[in-house]
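K.L.:
Okay, here's the prediction I keep looking at, along with the sequence it came from:
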Amino acid sequence: MQTMKAWQLDGLGGALAYTEVAVPEPRPGAVVVKIACSSLLSYQRDYITGKLPHYSPPTGPFTIGTNAVGTIHAVGRDVWHLHPGQRVVVSPHFTATENVVDPAQLLIGLTAYGDGKRVQADWRDGTLADYVMVPAATVTRADGLDDLPATELITSTRHLVPYGGLLRGRLAAGETVLVTGATGTFGGAAVLVALAMGAGKVIGAGRNREALAELARVAGPRFAPIALTGEVERDVVALRTAGPIQLAFDMVGRATDPNMTLAALRALQRGGRLVLMGSMTVPLPIPYGEVMLGNLEILGQFMYPPDAYRRLLDLVRANLLDLSKTRARVFPIADLPAALDAAADAASLECVIIDHTRA
């Protein structure tokens, strides 16, 4: 039996150990990927230590980790377009493939949703290992990007989530987009993706003036930073002055008040759209009359459609999305504890990377 090293967690708040486990053998519909590097979530340390109890991990020990870049090591039966030796990117988002109204969803190596627990029992392990077995549907070929080092290509994972939301919002070239929560990790990426998709102007709104200034330096002349106060009426005036705004994209993380999101909604021009992709710990009070009279749309979006990663990499291939604008902080895989601390404190345009080729 061939073995490998993997970071395994014994449940939320349990022991985390870098241990020896078996290299997986591919099942039908699956591929085994040899990992070159993976990326960490900003909240991964809190997840591991059990501070996010609403997450639903596999029962018993499992390998943590979500996104990765690597090379296909082996493929199972019923896999036709992926072959050993191909360079690929791995997404954790998997939706059951049965033709039903509400197929189960999970983020492999992280959490399951609803009926996703049954699917999670089959797909337990994530990417913080030498090899990972994943459904073929979660793997995207990175053709034509051989010149990009793995530690740069992996930063594309940061852009994938907001790309799904901007697709849902039907962003059209030339439109003005408002990104609330622009100073967060996914919010900063949303600004860069919206520009890559052809937005005429992107307004980045947040409360951290220093982070907004850094984002303005990187994003270029089509970006306008707006520092919000938390006072809805005042912030609506500031946002409308910077507009008119056709699309608002809300990526505010773990908000304890609804004011930033509410200001974004009320700042939209007539017929505008608001996409909700962040997280909020309180209800969002919808101004019924304003939404109705303004012909406004409120759209929820979880993650991204199945073809999103391929389409996102098309933006990279066309030199429309410059991944080097996201700074990579690289740690060897054995230094995961230090990397987790760095990820928790990372800046908006900073991505903490685990290099699996360094012990």
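P.N.:
That came in fine, so what should we check first? Numbers count the residues shown, from 1 in each chain.
K.L.:
tell me the secondary structure for residue 316?
P.N.:
Of the three states, residue 316 takes helix under DSSP: H, G, I helix; E, B strand; the rest coil.
K.L.:
Verify the contact between it and residue 147 for me.
P.N.:
No: counting by C-beta atoms under 8 Å, residue 316 stays clear of residue 147, with 11.0 Å between them. Placement of C-beta: from N, CA and C, glycine included.
K.L.:
Give me the contact list for stretch 256-263.
P.N.:
For stretch 256-263, contacts defined as C-beta atoms under 8 Å, 6 or more residues apart in numbering pick out 180-181, 205-207, 228, 230-232, 235-236, 239, 250, 252, 255, 274, 276, 278, 280-285, 287.
K.L.:
Look up which residues are beta-bridged to residue 5.
P.N.:
Beta bridges link residue 5 to residue 20, judged by DSSP bridges.
K.L.:
Would you write a ChimeraX line that selects the buried entries of the contacts of stretch 256-263?
P.N.:
Command for ChimeraX, covering only those of the contacts of stretch 256-263 found buried under the criterion 16 or more other C-beta atoms under 10 Å:
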select :180,181,205,206,228,232,235,236,239,250,252,255,274,276,278,280
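K.L.:
Narrow the contacts of stretch 256-263 to those in helices?
P.N.:
232, 235, 236, 239 (DSSP state H).
K.L.:
check contacts around the third one.
P.N.:
Okay, so that is residue 236. Residues counted as contacts of residue 236 (C-beta under 8 Å, 6+ apart) are 263, 266, 267.
K.L.:
Quick check: it vs residue 229, distance?
P.N.:
Distance, residue 236 to residue 229, by C-beta to C-beta, to the nearest Å: 11 Å.
K.L.:
same deal with the last one?
P.N.:
Using C-beta to C-beta, one gets 11 Å for the distance from residue 239 to residue 229.
K.L.:
What of residue 291?
P.N.:
Residue 291 is 23 Å from residue 229, where distance means C-beta to C-beta.
K.L.:
With neighbour numbers in mind, choose between these two.
P.N.:
Shown here are residue 291 and residue 229; by other C-beta atoms under 10 Å, residue 291 has more neighbours (16 against 13).
K.L.:
Apart from its chain neighbours, what residue comes closest to that one?
P.N.:
Once flanking residues are discounted, residue 291 sits nearest to residue 298: 7.1 Å by C-beta to C-beta, 6 or more residues apart in numbering.
K.L.:
re earlier: which members of the contacts of stretch 256-263 are positioned in strands?
P.N.:
180, 205, 206, 250, 274, 276 (DSSP state E).
K.L.:
For the third one, give me its contacts.
P.N.:
The neighbours of residue 206, taking C-beta under 8 Å, 6+ apart as the test, are 180, 181, 182, 183, 184, 187, 212, 227, 228, 260.
K.L.:
Go through those and say which is closest to residue 60.
P.N.:
When those are compared for distance to residue 60 (C-beta to C-beta), residue 184 wins out at 32.5 Å.
K.L.:
dump the residue contacts of the closest one.
P.N.:
When contacts are counted by C-beta under 8 Å, 6+ apart, residue 184 touches 206, 251, 252, 253, 348.
K.L.:
Which pLDDT value does the model give residue 254?
P.N.:
We note a pLDDT of 84 for residue 254 in this prediction.
K.L.:
residues touching it, list them.
P.N.:
Applying C-beta under 8 Å, 6+ apart, we find residue 254 in contact with 279, 280, 281.
K.L.:
measure the last one to residue 311 for me?
P.N.:
This means residue 281. The value you get for residue 281 to residue 311, if C-beta to C-beta is used, is 32 Å.
K.L.:
So which elements touch the helix or strand residue 72 falls within?
P.N.:
Take DSSP states H and E as the rule and residue 72 turns out to sit in strand 68-75. If contacts are counted by 3 or more C-beta pairs under 8 Å, 6 or more residues apart in numbering; DSSP states H and E, strand 68-75 sits against strand 30-39, strand 87-90, strand 131-135, helix 150-153.
K.L.:
Helix, strand, or coil at the residue minimising distance to the centre of the chain?
P.N.:
In the chain, the centroid-proximal residue (C-alpha atoms, centre = their mean) is residue 161; its distance is 3.7 Å. Assigned by three-state DSSP, the conformation of residue 161 is helix.
K.L.:
Quick one: residues contacting it.
P.N.:
Taking C-beta under 8 Å, 6+ apart, one finds 186, 189, 277, 303, 304 in contact with residue 161.
K.L.:
Just among those, which is most surrounded?
P.N.:
Tallying neighbours with other C-beta under 10 Å puts residue 189 at the head of the contacts of residue 161, with 28 neighbours.
K.L.:
mean confidence for the helix or strand encompassing it?
P.N.:
Per DSSP H and E: residue 189 is located in helix 185-196. Per-residue pLDDT over helix 185-196 has a mean of 97.
K.L.:
Make 186 the starting number, not 1.
P.N.:
Taking 186 as the first residue, the last one we looked at is helix 370-381.
K.L.:
Now do that helix: which elements does it pack against?
P.N.:
helix 341-353, strand 361-365, strand 386-391, helix 394-404, helix 493-502.
K.L.:
Now with 7 Å, please.
P.N.:
helix 341-353, strand 361-365, strand 386-391, helix 394-404 (3 or more C-beta pairs under 7 Å, 6 or more residues apart in numbering; DSSP states H and E).
K.L.:
Name the nearest of the ones in helices among the contacts of stretch 441-448 relative to residue 239.
P.N.:
The closest of those to residue 239 turns out to be residue 417 (C-beta to C-beta; 27.5 Å).
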